[in-house]
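Asker: Next come a sequence and a model predicted from it.
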Amino acid sequence: MAGSNPNAKPMDLTLKVWRQKNRETAGAMVTYPVKGISPDMSFLEMLDVLNEDLLRSGQDPIAFDHDCREGICGMCSLYINGRPHGPERGTTTCQLHMRHFNDGDTITIEPWRAAAFPVHKDLVVDRSAFDRIQQAGGYVSINTGGVPDANAIPIGKSIADKAFDAATCIGCGACVAACKNASAMLFVSAKVSQLAMLPQGKVEAKTRVENMVAQMDIEGFGACSNTGACAAECPVGISLENIAIMNREYLSAKATSEHVA
Amino acid sequence: MNWFTKTFSSTIGRKIIMSITGLFLCSFLVVHLVGNLTLFRQDGGEAFNIYSHFMANNPIIRTMEFVLVAGFLFHIYDAIVLTRRNKAARPVGYANSHPEQNSTWSSRNMGLLGTIILVFLLVHLWNFFVPARFGGLEGVPNAEYLNLYSEVVLAFKNPIYVGLYVISMIALAYHLIHGFQSAFQSLGLTHKKYTPFIQKFGYAFSVLICLGFAAIPLYFFFFV
């Protein structure tokens, strides 16, 4: 394997994993030993190994979310040893490698915990609350027609950079998982401020922030205590400044929008 | 609900209220501490008694008292509503969680710190405000003001009160260290030009104000 360390010794680990059959039944932590894990494996590959063993012995494999396994899609989750996406900063679970753990370690693995993210099965949670917030206003309405010329709309470099930084949010939900209030402020603020900074997004800025915040509250996420845990755990480094931008946008929209009701 | 009440009952709206009332209460702390510094004058309490007489009788101060009470009530009410909402947002907790690796203790325990401050506030009002306002103070011979100073001397000879006051000021310091800069963030007042200053100023403000208040019971206990 390219880049693998020939001196790396395989590890034996003890996993404590949340198992839950479905939304209705109660779950519990279940302990599994795993043996011969290569330090070059990703965390999800380690779970694949455990699932192979479970399948072979006729047990139900552990359900967990994953897709691209390249840290781009935002599908993987997992609350590992008390931290969303595990101990490494700026890393999704799929990009977390077993070399960050030691032989003989006990690792706890739990699903994201939030009323707005109900557990589907084992480690899989339903994150469709994020989709509904997006649908409430996280877009730019465009009347189709001729393709506009590139660079027809001038945007300053620093604004473009800030908007892009906010747009890197992959919607994984680690901010909600990390927050003591299970607040979705960092996610919603990234979506709000990304579009509010750009001329294309400014047209609908007021209704966007009003509707997205209203939907966020309907979904049952908590409020922001400015602990900063969300930004510290965010795998793509979304900044807390976005929350300040959203609060600004929200106040000015509420003070000046046409929605009286 | 109309747009106004809707705005201020949303999660962000309630945080706006927390910020504005919190910063207002900070301004109250400054006024209160500056007035209390008269206690350090070696004049047998004359300056302090004149000051407290002024505070109890000046119509502007008496009007602001209602604003101050409203500030406390809104701050406490919204804190309770938000805390209940936040607890409900995570009905099932984690078996293993390490928040100390991503956030400060004070930022996660504002409710606990606030409760300590509230208990202190009630005791404090009972100690000084109630006798000063509703009777129970002796007059000062040959003067038209009452002797609140003697109440202060008496209270701060009691080690339980002194301990309670000092511990409460430590709680207040931690409450303010997070709360001061957090208020500006909630109000959306962040910018790389002045946010670092706000954070440093907030820290210094919190520590100095609380040291100033804590010095009073300690001074009376040990030196008067």
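Answerer: Done, it's in. Numbers count the residues shown, from 1 in each chain, chains lettered A, B, ... in the order given.
Asker: list the contacts for residue 169?
Answerer: Went with chain A since none was named. The contact partners of A:Cys169, taken as Cβ atoms under 8 Å, 6 or more residues apart in numbering or on different chains, are A:Leu186, A:Phe187, A:Ala190, A:Lys191, A:Gln194, A:Cys234, A:Val236, A:Ile238. No exception for glycine: its C-beta is placed from N, CA and C like everyone else's.
Asker: The intended chain is chain B.
Answerer: B:Cys210, B:Leu211, B:Phe213, B:Ala214.
Asker: The second one: what secondary structure?
Answerer: So the one you mean is B:Leu211. helix (DSSP: H, G, I helix; E, B strand; the rest coil).
Asker: quick revisit: any chance of the contacts of B:Met169 in a markdown table, plus pLDDT, distance to B:Val81 and neighbour count?
Answerer: Output for the contacts of B:Met169, formatted as a markdown table (pLDDT from 0 to 100; distance: Cβ to Cβ, whole Å; neighbours: other Cβ atoms under 10 Å in any protein chain shown):
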| residue | pLDDT | distance to B:Val81 | neighbour count |
| --- | --- | --- | --- |
| B:Cys210 | 98 | 27 | 23 |
| B:Leu211 | 98 | 32 | 12 |
| B:Phe213 | 98 | 29 | 19 |
| B:Ala214 | 98 | 31 | 19 |
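Asker: picking up where we left off before, only whichever of the contacts of A:Cys169 are buried, select them in PyMOL.
Answerer: This is the PyMOL syntax for the buried subset of these, where burial follows 16 or more other Cβ atoms under 10 Å in any protein chain shown:
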select buried, chain A and resi 186+187+190+191+194+234+236+238
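Asker: And the closest residue to B:Phe120 other than its chain neighbours, what's its pLDDT?
Answerer: Among residues not flanking B:Phe120 along the chain, B:Ser168 sits closest, at 3.5 Å (Cβ to Cβ, 6 or more residues apart in numbering or on different chains). On the pLDDT scale, B:Ser168 is placed at 98.
Asker: right, and B:Ser168 touches B:Leu118 too?
Answerer: No. The criterion here is Cβ atoms under 8 Å, and B:Ser168 misses it with B:Leu118 at 9.7 Å.
Asker: The two: who's more crowded?
Answerer: Taking neighbours as other Cβ atoms under 10 Å in any protein chain shown, B:Ser168 and B:Leu118 compare with B:Ser168 leading, 24 against 15.
Asker: what helix or strand is the more buried one on?
Answerer: Using DSSP states H and E, the element containing B:Ser168 is helix B:159-186.
Asker: buried stuff in that helix?
Answerer: B:161-162, B:164-166, B:168-169, B:171-186.
Asker: do stretch B:45-58 as well
Answerer: Buried-residue list, stretch B:45-58, by 16+ other Cβ under 10 Å: B:Gly45, B:Ala47, B:Phe48, B:Asn49, B:Ile50, B:Tyr51, B:Ser52, B:His53, B:Met55, B:Ala56.
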